[in-house]
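A.B. asks: give the three-dimensional model of this entry:
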Amino acid sequence: MEIKASSALAASAEPSYQSTKKHLRGSALLLVGRVIAMATNFAVQVLIVRYLSKTEYGAFAYAMSIVSLGASFAVFGMDKTVTRFLPIYQEREEYPELFGSLILIIATILSVSFFLVVSIFGLQGWLTESYIKDQQIVRLLILVIFLVPLNAFDSLLLGMLAIFSKPSTIFFRRHVLGPGLKLLVVLLLILFGLNVYFLSVGFVIAGALGVILYTGILLRDLHSQGFWKHFKRQDIRFPIKEVYSFSTPLLTRNLLYLMRGQLIVVLLEYFHKAQAVADYRAVQPVADLNTVVLQSFSLLFMPAMARLFAKNDQEGINNLYWQSTIWVTIITFPVFLVTFSLAQPVTLLLFGQRYAESGLIMALLAFGYYFNAALGYNVDTLQVYGKLRYMVTVDFVTMLICLVLSLLLIPKYAAIGAAVSACVTLVLYNILNHLGLKFATQSDLFRPRYLKVYVSIALGAVGLLIFEYLVSIPLMISIILAGLISLVVLVVNRNILEIEQTFPELLKFQVVRFLFKTKPAKT
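C.D. replies: Numbers count the residues shown, from 1 in each chain. As a prediction, this is how the structure comes out:
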């Protein structure tokens, strides 16, 4: 069931650009945090891969893939449901529905998580005998299975903080403490020469501490806003139909994610065992760095879009979508150059000669992830509009394509076949959802003024790829060249970014004024 935009609130809407500006500024702060988290998680990934044997790492990666599968089911689409419904209910001051939906969401995650954890413990004998060949994987899975409810509630709490708290309240917990705890676990692992089981338990403890801190921050902020004064137990209304008719179809999106990610890992282990899993999973997080900016901006995007939808501000919606997309595309471009155009030398530098064949895998995955980022928040926008039937159709079509490609390619081509399957699925999925903006919403499919952005990016990436193939130069020189290409793309598209309106304080710096050819900010 769709929540229709309220035209009565349109007159009270803040200027369209102000919503976009607020979103971009808050997201920029979170992006700084993501850069810190990115560096920390990257160090964690490299240290784990280098410390553990290939078989141990493959087993650990497999167990964590099962955890991701379970967490995706446990959250039951409620992480996206909360960021759509709660801002709309709050904007319209419909507090009985707000509290009722929140209770439903929490109860659902608790119930599904409990069922999954108990099922894994009860079925461990069956898994050992008929499904998972490696006994070590089963033992690790029993240890890390508690990350299923922890990760599910982590996603829910993050969404609620994006609605009710300032970006600065998320910064430390999400991007400093969480990755820092994981890094501490890995350093203890290496320092004391411990095994993969210590690593598993350590990750569970780190996840529990994060959820406890998230809950404390949220309760503090809700109290400071006087949120609980609207709570009246006798008035609570449970919008069961609205919540579950929205969240249940979102499971298909989670299934698609698992099909192109976690299920691919499962098939790799089934057909080629743990070594093939290691070839794929070692570079997958590096390629996934192309989604860092997209994910940083998405945290505040959904609540901002939901509020504009509630106000029936279509111009604000279009402006928010495309300005966010262009910022994400340009900021992510340097990462794309390194993980796509320079994939092979970067793989050798990070993981050594034994992972030499993973360079092509990184390039394929990087292309799919960057394509996803460059088309922007099409799925989130469709969710805000409540176009669930279209989303479900796209999900099932692309899930089928991913499954067929995986079964055709993985048995013969192993990890490279898995990368091709994941890349093609990502591209098709985003194209179909982007077309939905035209046919299922009133949003602009494309704005011609942004064509220059995509042309300059394509020329830069292909040019560096060809140059790297033809000319043998040190990796450091190639990275410097990638930085120069990124700077050229930034300068060429400086007017489109509208930095003067979004971040006027940056104009105090002469280098920024020189690059963007702007005057100093007025004091």
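
A.B. asks: buried sites along the helix or strand where residue 138 lies?
C.D. replies: Here residue 138 sits within helix 135-144, counting by DSSP states H and E. Residues of helix 135-144 classed as buried by neighbour count (16 or more other CB atoms under 10 Å): 136-141, 143-144. Glycine gets a C-beta too; all of them are placed from N, C-alpha and C.

A.B. asks: centre-most residue in this protein?
C.D. replies: residue 295 (4.4 Å; CA atoms, centre = their mean).

A.B. asks: any stretches of the stretch 351-500 of the chain with poor pLDDT?
C.D. replies: 440, 499-500 (pLDDT under 70).

A.B. asks: and the chain, by the same measure?
C.D. replies: Looking at the chain by pLDDT under 70, you get 1-26, 29, 125-134, 252-262, 440, 499-523.

A.B. asks: hmm, 50 instead?
C.D. replies: 1-14, 521, 523 (pLDDT under 50).

A.B. asks: domains of it?
C.D. replies: Taking automatic domain parsing as the criterion, the chain consists of the domains 7-492, 493-523.

A.B. asks: what's the burial count for residue 76?
C.D. replies: 22 (other CB atoms under 10 Å).

A.B. asks: give me every residue that touches it.
C.D. replies: By CB atoms under 8 Å, 6 or more residues apart in numbering, the residues touching residue 76 are 108-109, 112, 247-248, 250-251.

A.B. asks: pull out the buried members of those.
C.D. replies: Buried among those (16+ other CB under 10 Å): 108-109, 112, 247, 250-251.

A.B. asks: just the ones in helices from the residues you listed, please.
C.D. replies: If you go by DSSP state H, those have 108-109, 112, 247, 250-251 in helices.

A.B. asks: and which of those residues is nearest to residue 451?
C.D. replies: Nearest to residue 451 among these: residue 250, at 32.5 Å, using CB to CB.

A.B. asks: that closest one contacts residue 83, doesn't it?
C.D. replies: No - using CB atoms under 8 Å as the test, residue 250 is too far from residue 83 to be in contact (11.4 Å).

A.B. asks: need the ones in helices among the buried ones among the contacts of residue 76 in JSON lines (columns: distance to residue 469).
C.D. replies: Shown next, in JSON lines, are those (distance: CB to CB, whole Å):
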{"residue": "108", "distance to residue 469": "51"}
{"residue": "109", "distance to residue 469": "48"}
{"residue": "112", "distance to residue 469": "48"}
{"residue": "247", "distance to residue 469": "47"}
{"residue": "250", "distance to residue 469": "42"}
{"residue": "251", "distance to residue 469": "42"}
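
A.B. asks: between the residues you listed, which is closest to residue 322?
C.D. replies: residue 250 (24.3 Å).

A.B. asks: may I have the phi/psi pair for the closest residue in space to that closest one that isn't next to it in sequence?
C.D. replies: Among residues not flanking residue 250 along the chain, residue 77 sits closest, at 2.9 Å (CB to CB, 6 or more residues apart in numbering). Per-residue torsions, residue 77: phi 70, psi 10 (degrees, to the nearest 10).

A.B. asks: from residue 249, how far out is residue 77?
C.D. replies: Here residue 77 is placed at a distance of 7 Å from residue 249 (CB to CB, to the nearest Å).

A.B. asks: please say which of those two ends up with more neighbours.
C.D. replies: residue 77 (23 against 19).

A.B. asks: quickly note the distance from the more buried one to residue 302.
C.D. replies: Distance from residue 77 to residue 302, by CB to CB: 13 Å.

A.B. asks: which residues does residue 376 contact?
C.D. replies: 321-322, 324-325, 328-329, 434.

A.B. asks: out of the domains of the chain, deepest packed?
C.D. replies: domain 7-492 (a mean of 19; mean count of other CB atoms under 10 Å).

A.B. asks: how distant is it from the center of its chain?
C.D. replies: In terms of CA atoms, centre = their mean, to the nearest Å, the gap separating the centre of domain 7-492 from the centre of its chain is 2 Å.

A.B. asks: likewise for stretch 479-496?
C.D. replies: Using CA atoms, centre = their mean, the offset of stretch 479-496 from its chain centre is 25 Å.

A.B. asks: got a list of contacts for that stretch?
C.D. replies: Contacts of stretch 479-496 (CB under 8 Å, 6+ apart): 326, 330, 333-334, 337-338, 341-342, 449-450, 452-453, 456-457, 460, 463-464, 467, 515-517.

A.B. asks: which helices and strands sit right next to the lengthiest helix in the chain?
C.D. replies: Using DSSP H to define each element, the chain has its longest helix at helix 388-439. Judged by 3 or more CB pairs under 8 Å, 6 or more residues apart in numbering; DSSP states H and E, helix 388-439 is in contact with helix 240-260, helix 262-287, helix 358-374, helix 378-385.

A.B. asks: contacts for the helix or strand just after it?
C.D. replies: Next helix or strand after helix 388-439 toward the C-terminus (DSSP H and E): helix 451-470. Residues external to helix 451-470 that are found in contact with it (CB under 8 Å, 6+ apart): 326, 329-330, 333, 336-337, 340-342, 345, 374, 478, 481-482, 485-486, 488-489, 492-493, 496.

A.B. asks: how does it look with 7 Å?
C.D. replies: Residues from elsewhere that reach helix 451-470, judged by CB atoms under 7 Å, 6 or more residues apart in numbering: 326, 329-330, 333, 336-337, 340-342, 478, 481-482, 485, 489, 492-493, 496.

A.B. asks: over to stretch 170-181?
C.D. replies: By CB under 7 Å, 6+ apart, stretch 170-181 touches 29-30, 33-34, 36-37, 40-41, 158, 161, 206, 209-210, 213-214, 217.

A.B. asks: thinking again about what came up before, dump the buried residues of helix 135-144 to CSV, plus distance to residue 45.
C.D. replies: Formatted as CSV, the buried residues of helix 135-144 follow (distance: CB to CB, whole Å):
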residue, distance to residue 45
136, 20
137, 19
138, 24
139, 22
140, 17
141, 20
143, 19
144, 16
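
A.B. asks: please tell me how far the spatially closest residue to residue 305 that is not a sequence neighbour sits from residue 246.
C.D. replies: Setting aside the residues directly before and after it, residue 305 is nearest to residue 384 in space (CB to CB, 6+ apart), at 4.8 Å. Residue 384 sits 11 Å away from residue 246, going by CB to CB.
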